[in-house]
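Asker: can you look at this prediction? I've put the sequence above it.
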Amino acid sequence: MAENILMELAGVGKSFNKADGAPRVILDGVDFSLRKGEIVSLLGKSGSGKSTLLRIMAGLIAADKGRAAYRGAQISGPAGGVAMVFQSFALFPWLTVQQNVELGLEAQGVPPAERERRADEMLELIGLAGFGGALPRELSGGMRQRVGIARALVTNPDVLLMDEAFSALDVLTGETLRNDILDLWDSGRIPTRGILVVSHNIEEAVMMSDRIVILSSDPGRVRHEIAINLPRPRNADSQEVRDLIDEVYGLMTMRSAPAAMPAAPAAGAATPPDYRLPETDISRIESVLELVAAAPFSGRADLPQLAEETELPDEELFPTCEALAMLDLAVVEKGDITLTALGQRYAQADQQQRQELFGQQLLKHVPLAARIHAQLAQADGGSVAEEPFIELLEAMLEAEQAKRTLEIAVEWGRYGEVYEYDFHTRRLMLPERSSL
Ligand SMILES: Nc1ncnc2c1ncn2[C@@H]1O[C@H](COP(=O)(O)OP(=O)(O)OP(=O)(O)O)[C@@H](O)[C@H]1O
């Protein structure tokens, strides 16, 4: 083992079973190491396997391929030197703040008097002095997460793993807490040697990290790594930080698969069409399109700027941009979104024309919608049950995602007047006067 490596993953793979019992590969061939003295942020689209990777490193679940090691030893369960902070805070509601913080020490067999002393010290350090006797419900969200962090830090962990620890908090509270942790880390007041942060927030990752690792999806594997050599604290408005944020946006929105798949599944085709749809809705798609079309963007926007303007978090903005690209209303590349000529036309169109354009693009570029429409055209009576489509989707997605994907396809199809859906009978049908 190289001297400076705290945790190492080599060729790590993990599959979960889909609804039909067949395995779905979530992580495949992941190579990654966390080195001494660094904060690393792990970014990737929703569902790319970030939390799964973190849980493997925390020893909460086992990889089914490759090797995961902490200080050279295979991870086979939660390791003493590794602590984790969860997005949900994961506090015991019936225990006081002090008791919640002492829990980690209790598990390590630390005697009561020492537990109390160390918990007191940690509460003081994390800004919760005087709150030891409070119950979690008496605290604000930010303070509750401080308890979660104190509980992890009180064990003097060598490695701290944070799973979207700030995302359940409002922006300002999350930022304050993040800065407090960076301050503890940079001033050497905590003995922790390495921090790995799973995040959805690109700015947060750039402000915190020495290195950013981006996971690809389906399956998740390390796609990009960016080293950040700026001193902390960093100025969010500085040119260097803005440039890095742009670069990460660019890498995150780089498509790893072709934008448009064949509209109808060719018999015996080697690769089945991609039926997945981005998790977004029509009103979001249209409002982002309108915003990009209008001044000051006038057809082309820098994604970080657009995120600020729309106030959409990245995990909502990305799928929306992906939908616009999928429908050929925009092109997303290198951290910018640019409307196509059709996208420009769409922005100017009235409601009826928009719906027509939407339906037309749906049939051209969204294989699932095209398939539903094609089957309806052939069906007796022009209606079909939803089940076969759910089954089709379950062959590649988990049950919940399959259901959600069909819901999105239904919403899009109804808007584009390509098909209708009866919520009582759960059947799809052609619209009364289909112009398509
Ligand atoms: N125990 C499990 N059983 C079955 N599937 C699972 C299990 N845990 C995770 N998954 C699936 O694995 C995929 C990756 O999940 P994971 O939570 O690791 O992704 P993520 O990148 O952290 O996503 P997000 O950013 O949305 O939190 C998802 O499709 C998820 O539903």
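Answerer: It's in. This is a predicted model, so every value here is computed, not measured.
Asker: write out the residues of this protein neighbouring the ligand.
Answerer: Phe16, Ile26, Gly44, Ser46, Gly47, Ser48, Gly49, Lys50, Ser51, Thr52, Glu398 (C-beta under 6 Å from any ligand atom). For every residue, glycine as well, the C-beta is placed using N, CA and C.
Asker: just the buried ones from those residues?
Answerer: Ile26, Gly44, Gly47, Ser48, Gly49, Lys50, Ser51, Thr52, Glu398 (16 or more other C-beta atoms under 10 Å).
Asker: and the contacts of stretch 347-362?
Answerer: For stretch 347-362, the surrounding residues in contact (C-beta atoms under 8 Å, 6 or more residues apart in numbering) are 282, 286, 289-290, 292-294, 327-329, 339, 342, 345-346, 369-370, 412-413, 415-418, 435-436.
Asker: those in helices, which ones?
Answerer: Using DSSP state H, the subset of the contacts of stretch 347-362 located in helices is 282, 286, 289-290, 292-293, 342, 345-346, 369-370, 412-413, 415.
Asker: make a ChimeraX selection of the buried ones in the contacts of stretch 347-362.
Answerer: Selecting only the buried entries of the contacts of stretch 347-362 in ChimeraX, with 16+ other C-beta under 10 Å as the criterion:
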select :282,286,289,292,293,327,328,329,339,346,369,370,412,413,415,416,417,418
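Asker: ok, so of the ones in helices among the contacts of stretch 347-362, who is nearest Asn156?
Answerer: Val292 (49.0 Å; C-beta to C-beta).
Asker: wait, what's in contact with Ala323?
Answerer: With C-beta under 8 Å, 6+ apart, Ala323 has these contacts: Leu277, Pro278, Thr280, Ile285.
Asker: any idea how far Val206 is from Arg404?
Answerer: For Val206, the distance to Arg404 equals 31 Å [C-beta to C-beta, to the nearest Å].
Asker: who's more crowded, these two?
Answerer: Val206 (26 against 15; other C-beta atoms under 10 Å).
Asker: my read: that one touches Arg242, true?
Answerer: No. Taking contacts as C-beta atoms under 8 Å, Val206 lies outside contact range of Arg242: 9.1 Å.
Asker: re the thing from before, using a markdown table, lay out the buried ones among the residues of the chain next to the ligand together with distance to Leu312 and pLDDT.
Answerer: What follows is these, written out as a markdown table (distance: C-beta to C-beta, whole Å; pLDDT from 0 to 100):
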| residue | distance to Leu312 | pLDDT |
| --- | --- | --- |
| Ile26 | 26 | 93 |
| Gly44 | 18 | 91 |
| Gly47 | 18 | 84 |
| Ser48 | 19 | 90 |
| Gly49 | 23 | 93 |
| Lys50 | 20 | 94 |
| Ser51 | 22 | 93 |
| Thr52 | 25 | 95 |
| Glu398 | 25 | 81 |
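Asker: tell me which two of the residues you listed sit farthest apart.
Answerer: Among these, Gly44 and Glu398 lie farthest apart (C-beta to C-beta), at 17.3 Å.
Asker: skipping its backbone neighbours, what lies nearest the residue nearest the centre of the chain in space?
Answerer: The centroid of the chain falls nearest to Ser46 when counting by C-alpha atoms, centre = their mean (3.1 Å). Distances taken as C-beta to C-beta, 6 or more residues apart in numbering place Glu315 nearest to Ser46, at 5.6 Å, with adjacent residues excluded.
Asker: give me the three-state assignment for that neighbour.
Answerer: State at Glu315, reduced to three classes by DSSP: H, G, I helix; E, B strand; the rest coil: helix.
Asker: what's the per-residue pLDDT of it here?
Answerer: Model confidence at Glu315, given as pLDDT, is 83.
Asker: what's the local residue count around it?
Answerer: Count around Glu315 with other C-beta under 10 Å applied: 13.
Asker: distance check, it against Ala395.
Answerer: Using C-beta to C-beta, Glu315 is found at 26 Å from Ala395.
Asker: how does this protein divide into domains?
Answerer: 5-252, 273-348, 362-436 (automatic domain parsing).
Asker: turn those domains into CSV, including distance to Glu356.
Answerer: Below are the domains of the chain laid out as CSV (distance: least, C-beta to C-beta, whole Å):
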stretch, distance to Glu356
domain 5-252, 31
domain 273-348, 10
domain 362-436, 7
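Asker: and the residue of the stretch 301-436 of the chain nearest the ligand?
Answerer: Across the stretch 301-436 of the chain, the shortest distance to the ligand (C-beta to the nearest ligand atom) belongs to Glu398, at 5.4 Å.
Asker: who's in contact with that residue?
Answerer: Glu398 neighbours (C-beta under 8 Å, 6+ apart): Phe16, Lys18, Ala19, Arg24.
Asker: ok, those vs the ligand, which is closest?
Answerer: Using C-beta to the nearest ligand atom, those come closest to the ligand at Phe16, 3.3 Å.
Asker: could you list the low-pLDDT ranges of this structure?
Answerer: 1, 254-272, 433-436 (pLDDT under 70).
Asker: the same query, at a cut-off of 80, please.
Answerer: By pLDDT under 80, the weakly predicted segments of the chain are 1-3, 18-21, 88-89, 253-274, 395-396, 432-436.
Asker: most widely separated two among the residues of the chain next to the ligand?
Answerer: Longest distance between any two of the residues of the chain next to the ligand is 17.3 Å, between Gly44 and Glu398; criterion C-beta to C-beta.
Asker: now Phe131, nearest residue through space, not along the chain?
Answerer: Closest to Phe131 by C-beta to C-beta, 6+ apart is Val97, at 5.2 Å.
Asker: tell me, how many residues neighbour the one you found?
Answerer: Count around Val97 with other C-beta under 10 Å applied: 26.
Asker: next one: Leu317
Answerer: 22.
Asker: again, but for Glu407
Answerer: Neighbours of Glu407 under the rule other C-beta under 10 Å: 14.
Asker: in a strand, it, correct?
Answerer: No. Glu407: not assigned to a strand; according to three-state DSSP it is helix.
Asker: ok, back up a step: out of the contacts of Glu398, which are buried?
Answerer: Looks like those have Lys18, Ala19, Arg24 buried, using 16+ other C-beta under 10 Å.
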